[in-house]
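Enquirer: here is the input, now give the coordinates:
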Amino acid sequence: MVNYYPIFLDLRAKPVLVAGGGTVALRKTKGLLEAGARVTIIAPEVLDELRARAVTVVERKYLAGDCAGYALVFAATNSREVNAQIGREAAGLGIPANIADAAEECGFIVPARFSDHGVQVAVSTGGVDPRRAVAIRDRIRELFQSSKHD
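Expert: This next block holds a predicted model:
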């Protein structure tokens, strides 16, 4: 397991690429937009809910070189080969990339997180067990909520 260094990034107005137009891309995009990123989606098919957000949508397959110029890249396609290609390209350009279907290929991972009144909590299992991270995050959120009533 990789011992990741936790960090919170200022993504306000930073260009971020999300390759993929499905539910994983939607989940990633929601968090990116909350952080103020300028998100571009590249995918041949895009969920209507993604279209309804303040994103740029390029309706086509990912092409070699599409990573160039982005601060971060997320590979969330339904193709293992395309996700791996995106990861290699981003790494070659020195751009941190999150590869949705292969934590071992990621330059960074996204923790399970929540925000409440200026407090942000993030939980990671190093990409090994995301469901466990979500369960722990949810338990912490419950404790946080109950402590506001004490």
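
Enquirer: ok, Tyr70 to Ala97 distance?
Expert: Distance, Tyr70 to Ala97, by C-beta to C-beta, to the nearest Å: 9 Å. C-beta coordinates here come from the backbone N, C-alpha and C atoms, glycine included.

Enquirer: then Asp48?
Expert: Going from Asp48 to Ala97 by C-beta to C-beta gives 26 Å.

Enquirer: same thing with Ile7?
Expert: Applying C-beta to C-beta, one obtains 15 Å for the distance of Ile7 from Ala97.

Enquirer: between those two, who's got more neighbours?
Expert: When neighbours are counted by other C-beta atoms under 10 Å, Ala97 comes out ahead of the other of Ile7 and Ala97, with 24 against 7.

Enquirer: mind checking the backbone torsions on that one?
Expert: phi -130, psi 140 (degrees, to the nearest 10).

Enquirer: which residues does the one helix or strand Phe74 maps to contact?
Expert: Here Phe74, judged by DSSP states H and E, is contained in strand 72-75. Outside of strand 72-75, the residues within contact range by C-beta atoms under 8 Å, 6 or more residues apart in numbering are 9, 11, 14, 16-20, 25, 28, 32, 37, 67, 82-83, 86-87, 90, 95-101, 108.

Enquirer: so Cys67 sits against Leu93, correct?
Expert: Yes: between Cys67 and Leu93 a contact is recorded at 5.7 Å, counting by C-beta atoms under 8 Å.

Enquirer: and those two? Which one has more around it.
Expert: Neighbour tally, Cys67 and Leu93, criterion other C-beta under 10 Å: the higher count belongs to Cys67, 24 against 14.

Enquirer: give me the below-cutoff pLDDT ranges for the chain.
Expert: For the chain, residues meeting the criterion pLDDT under 70 lie at 1, 149-150.

Enquirer: quick one: the strands in it?
Expert: Counting by DSSP state E, residue ranges of the strands within the chain are 15-19, 38-42, 56-58, 72-75, 97-99, 112-116, 119-123.
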